[in-house]
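Novice: I'll drop the sequence and a predicted model, then ask my questions.
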Amino acid sequence: PGTTSRVLDALKRECVRATFFLLGRNAQAQPALARRALAEGHSIGHHTFAHPLINHMALAKAEAEIDRGIVADEVALYGQRRSSPATPFFRFPFFEMTPATLDALQKRGIAVFGADLWASDWTPMTPAQQLKLLTERLQIARKGIILLHDPKAQTAAMLPAFLRALTARGYRVVHVVPAP
């Protein structure tokens, strides 16, 4: 909760909206934080309940894990138990999927997201090192979906400087929302 609050504060200060892919177990444990992200205008996607390797699971078990996460998120956000998400966005843990799981989500009208570059924030480093790495990667890619993990303290510490760097370099952050 502490790091996600810092991430939300930084986004608010810079007038930036992001997409948060929630783990159901985290939304269940911290529903007020999930509702804060939604109330502040961020898009909410889904990311399973417990972050397993979906590509190592039988299809029925994988779908149950995905649905459990969606239900937990929906209850935390809206107080309603439903398996069709209000925001039909999903990201596979570790980007690991199978053709069958991808097809199952597509049939339900749920858009699956990837990322074009990331901060490698699962690797311990200082916020300054992370900022340098991420800005160098962005300089090469020039655009794309950027993956950050809000529970990481180094990411929360790095984010204000990164958002200012984006503005200084003329980048525009695009807020992704579901089609009406």
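Specialist: That came through, no problem.

Novice: distance check, the nearest residue to A111 once chain neighbours are set aside against H149.
Specialist: In this structure, A111 finds its nearest non-sequential neighbour in F89, 5.5 Å apart by C-beta to C-beta, 6 or more residues apart in numbering. Where C-beta positions appear, they are placed from N, C-alpha and C, glycine not excepted. Applying C-beta to C-beta, to the nearest Å, the value for F89 to H149 is 17 Å.

Novice: the residue nearest to A111 reaches H46, doesn't it?
Specialist: Yes. Counting by C-beta atoms under 8 Å, H46 is a contact partner of F89 at 6.8 Å.

Novice: higher neighbour count, these two?
Specialist: Relative neighbour count places H46 above the other of F89 and H46, with 27 against 20, counting by other C-beta atoms under 10 Å.

Novice: so how far is A27 from that one?
Specialist: 9 Å.

Novice: by mean pLDDT, flag the weakest helix or strand of the protein.
Specialist: strand 117-118 (a mean of 94; mean pLDDT, DSSP states H and E).

Novice: tell me the pLDDT of S84.
Specialist: S84 is assigned a pLDDT of 83 by the prediction.

Novice: equivalent analysis for A179, please.
Specialist: pLDDT at A179 comes out at 87.

Novice: next, G45: phi, psi?
Specialist: phi -110, psi -180 (degrees, to the nearest 10).

Novice: relative to M125, how far out is it?
Specialist: 26 Å.

Novice: right, and F49 touches L22 too?
Specialist: No. Between F49 and L22 there is no contact under C-beta under 8 Å: 9.8 Å.

Novice: tell me which of those two has more neighbours.
Specialist: L22 (28 against 23).

Novice: thinking again about what came up before, shared neighbours, F89 and H46?
Specialist: Counting by C-beta atoms under 8 Å, 6 or more residues apart in numbering, the shared contacts of F89 and H46 are F21, I110.

Novice: name the helices or strands packed onto the longest helix anywhere in the chain?
Specialist: Using DSSP state H to assign secondary structure, the helix with the most residues in the chain is helix 59-78. Packing contacts for helix 59-78, counted by 3 or more C-beta pairs under 8 Å, 6 or more residues apart in numbering; DSSP states H and E, involve strand 19-22, helix 24-29, helix 31-39, strand 43-46, helix 99-107.

Novice: mean confidence for that helix?
Specialist: If you average the pLDDT values across helix 59-78, you get 97.

Novice: now that helix against helix 99-107, angle please.
Specialist: 40 degrees (axes from the mean of the first three to the mean of the last three C-alpha atoms, to 10 degrees).
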